[in-house]
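Engineer: with the sequence up front, the predicted model follows.
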Amino acid sequence: MNGAPTPLAVYQTLFAAHGPQHWWPGDSPFEIMVGAVLTQNTAWRNVERAIAKLIRHRTLAPEAILAARQEALAEWLRPCGYFNVKARRLVNFCRWYLQEGGLTVLAGRDTATLRMNLLAINGIGPETADDILLYAFERPVFVVDAYTRRLFSRLGLVPETIGYEDLRSFFESTLETDRVLFNEYHALIVRHGKEICRPRPLCDRCGLAAVCAFDAEQRDQRW
DNA sequence: ACCCAGGGTCATA
DNA sequence: TATGACCATGGG
């Protein structure tokens, strides 16, 4: 019972504390992909505003994004920050998306190929690619982010400096390959990280320690 | 005024 | 390969 919990036990604790998260917010696979780019290092609230602007200007479609003037596109993306960068990244992504033949064609590809394709796009890094694979293409890929590294290094399960791929394979090799599990798990980690396990102060001083299942001082009692 | 947010790229050593 | 600068808005 002492020492480190298993990843599955962590999942069960998170699920018990927060319940199902119903990710990813978005009405279509393409909207999810757009959201994945726009939320890079950005609060989701601001992404919602930018997506609302795109909808208002009838630009939430790959053809419309490519047809828009870059300046106009950037202006609509202003609320989510890095708007010039993200306008370019969105265009890069949409050019790829249409040139490859759209959703139906892409959905026919195996996960490894799709992941390689996504990573080749300028502006799509590992986390954004995995968001798209898991939440838009519904592939069993474990998405890693800063919250994941922070939580699991605090739990003593991985080194604090572990790289993205190593952390991803830590989960994918430990857990059963389950798209629904991976979906819920990443969402729960984000929820926990946002609301409870803040970067500063640390978990055990966050003021919500009573409801934080992963308080550093409590973990030996819990497991 | 400072820190943070559902990252990624690029230049430099 | 590994840092550091840079991108930028909005909320606590």
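Structural biologist: Sure thing, it's come through. Numbering: from 1, shown residues only, chains lettered A, B, ... in the order given.
Engineer: for the residue sitting nearest the centre point of chain A, which residues are in contact?
Structural biologist: Among the residues of chain A, residue A:131 comes closest to the average C-alpha position under C-alpha atoms, centre = their mean, at 4.8 Å. By C-beta atoms under 8 Å, 6 or more residues apart in numbering, the residues touching residue A:131 are A:24, A:32, A:36, A:143. (Each C-beta comes from the backbone N, C-alpha and C, glycine too.)
Engineer: my guess is the third one contacts residue A:135. True?
Structural biologist: Yes. With contact defined as C-beta atoms under 8 Å, residue A:36 and residue A:135 form a contacting pair (7.3 Å).
Engineer: now the common contact residues for these two.
Structural biologist: residue A:24.
Engineer: circling back: where does the residue nearest to the centre of chain A fall, helix, sheet strand or coil?
Structural biologist: Assigned by DSSP: H, G, I helix; E, B strand; the rest coil, the conformation of residue A:131 is helix.
Engineer: which helix or strand in chain A has the lowest average pLDDT?
Structural biologist: helix A:219-222 (a mean of 44; mean pLDDT, DSSP states H and E).
Engineer: hang on, the earlier thing: keep only those of the contacts of residue A:131 that are also close to DNA strand B.
Structural biologist: A:24, A:36 (C-beta under 7 Å from any atom of the strand).
Engineer: want to throw the contacts of residue A:131 into a markdown table with neighbour count and pLDDT?
Structural biologist: Listed next are the contacts of residue A:131 as a markdown table, based on neighbours: other C-beta atoms under 10 Å; pLDDT from 0 to 100:
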| residue | neighbour count | pLDDT |
| --- | --- | --- |
| A:24 | 20 | 97 |
| A:32 | 19 | 98 |
| A:36 | 26 | 98 |
| A:143 | 26 | 98 |
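Engineer: where do the domain boundaries of chain A fall?
Structural biologist: Following automatic domain parsing, one finds the domains of chain A at A:7-21+A:143-218, A:29-136.
Engineer: for chain A, which spans come out with low pLDDT?
Structural biologist: Scanning chain A with the threshold set as pLDDT under 70 gives A:1-3, A:197-223.
Engineer: at 80 instead, please
Structural biologist: Applying pLDDT under 80 to chain A flags the ranges A:1-4, A:195-223.
Engineer: and it, which of its residues are near DNA strand B?
Structural biologist: Counting by C-beta under 7 Å from any atom of the strand, chain A comes close to DNA strand B at A:23-25, A:35-36, A:39-44, A:46, A:81-82, A:85, A:121-129, A:131, A:135, A:145-147, A:164, A:190, A:193-194, A:198-200.
Engineer: in chain A, what residue comes closest to DNA strand C?
Structural biologist: residue A:81 (2.6 Å; C-beta to the nearest atom of the strand).
Engineer: that residue: neighbour count?
Structural biologist: Residue A:81: 16 surrounding residues under other C-beta atoms under 10 Å.
Engineer: mind listing what it touches?
Structural biologist: Contacts of residue A:81 by C-beta under 8 Å, 6+ apart are A:41, A:42, A:46.
Engineer: ChimeraX command to pick out the buried ones of the residues you listed?
Structural biologist: To isolate the buried ones among those in ChimeraX, judged by 16 or more other C-beta atoms under 10 Å, type:
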select /A:42,46
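Engineer: out of the contacts of residue A:81, who's nearest DNA strand B?
Structural biologist: Closest to DNA strand B, out of all of these and judged by C-beta to the nearest atom of the strand, is residue A:41, at 3.7 Å.
Engineer: ok, residue A:140 - contacts?
Structural biologist: A:111, A:134, A:177, A:178, A:179, A:182.
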